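Participant: this one's sequence-less:
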Ligand SMILES: *Cc1c(COP(=O)(O)O)cnc(C)c1O
């Protein structure tokens, strides 16, 4: 919250949320879609529990964390708040899986079959089922995590045989600062999903893509879940409207 009072920060969060919901609705309608079909995930990795509580009061219900430790701590702190979910969106190392199990509603960052197998093993030992997305490196940038698109079909098929994970869709990160490259990345994710639907028979309803700088493009290309961090929580974020 920095120097601002909780009241002023809450007001900022509420006003910003109203703007974001309107922009999401506009982007959805440009694509002939319903805003109902797009989940706004508030990426809370740069804020702490008090800010998340203020955000929840302003109507945010879904949060995203990229570190297992933080996810676990925040999930425990927010356990008593009804209607809140936290998703795991960041790189997941195998020795941190237990921090996420039972705390994350959806794990977006299944970046290899190996990781999926490890998650399934741990989940089975605890008698739970983990909802997952396959993280795919659609843009092919070396800095990006995620499996190659050409590996996704095999990973999805193999995951269908694992006892304690379910594959509910795909996630990607687009190249930053280049909207046409981002658009190509998002449409590539959608096309891959359509291919996997046919080849695996899975429904794959969730496409997790779009961040503060490119969420409208992502929605135009079929995103069902946008992961917004700075634009939700940072009053000093400079929005480059296009
Ligand atoms: C931080 C993060 C986001 C949110 O990024 P912003 O540009 O702040 O909206 C989305 N997805 C992942 C995986 C992240 O780590």
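Facilitator: Perfect, I can see it now. Model, not experiment: these values are computed from the prediction.

Participant: neighbours around the residue of the chain found nearest the ligand, how many?
Facilitator: Residue nearest to the ligand within the chain (C-beta to the nearest ligand atom): residue 229, separated by 2.7 Å. No exception for glycine: its C-beta is placed from N, CA and C like everyone else's. Other residues within reach of residue 229, judged by other C-beta atoms under 10 Å, total 20.

Participant: Look up phi and psi at the closest residue to it other than its chain neighbours.
Facilitator: The shortest distance from residue 229 to any non-neighbouring residue, by C-beta to C-beta, 6 or more residues apart in numbering, is to residue 43 (3.4 Å). For residue 43, the backbone dihedrals (degrees, to the nearest 10) come out as phi -80, psi 110.

Participant: How about the residues of the chain by the ligand?
Facilitator: Residues of the chain lying near the ligand by C-beta under 6 Å from any ligand atom: 43, 45, 66, 89-90, 211-213, 227-231.

Participant: those strands in the protein, which residues are they?
Facilitator: Along the chain, counting by DSSP state E, strands occupy 39-43, 62-65, 85-88, 107-110, 130-135, 165-171, 206-208, 225-228.

Participant: Nearest to residue 143 among these would be which one?
Facilitator: Comparison of the strands of the chain against residue 143 by C-beta to C-beta identifies strand 130-135 as nearest, at 13.7 Å.

Participant: Show the residue spans covered by the helices in the chain.
Facilitator: Under the criterion DSSP state H, helices of the chain are mapped to 6-30, 49-57, 68-78, 97-100, 113-126, 149-161, 179-200, 215-220, 230-233.

Participant: hey, which of those helices is tucked in deepest?
Facilitator: helix 215-220 (a mean of 24; mean count of other C-beta atoms under 10 Å).

Participant: gap between that helix and the chain center?
Facilitator: 14 Å (C-alpha atoms, centre = their mean, to the nearest Å).

Participant: Please check the residues of the chain next to the ligand and keep the buried ones.
Facilitator: With neighbours counted by 16 or more other C-beta atoms under 10 Å, the residues of the chain next to the ligand contain buried members at 43, 45, 66, 89-90, 211-213, 227-231.

Participant: Return the member of those nearest to residue 105.
Facilitator: Checking those one by one against residue 105 (C-beta to C-beta), the nearest turns out to be residue 89, at 11.2 Å.

Participant: what's the distance between the closest one and residue 137?
Facilitator: Applying C-beta to C-beta, to the nearest Å, the value for residue 89 to residue 137 is 15 Å.

Participant: returning to what we had before: against residue 99, how distant is the residue nearest to residue 229?
Facilitator: 18 Å.

Participant: For the buried ones among the residues of the chain next to the ligand, please prepare TSV with the additional fields pLDDT.
Facilitator: Putting these into TSV (pLDDT from 0 to 100) gives the following:
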residue	pLDDT
43	98
45	98
66	98
89	98
90	98
211	98
212	98
213	96
227	98
228	98
229	98
230	98
231	98
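
Participant: of all the residues you listed, which comes closest to residue 166?
Facilitator: The closest of those to residue 166 turns out to be residue 89 (C-beta to C-beta; 17.5 Å).
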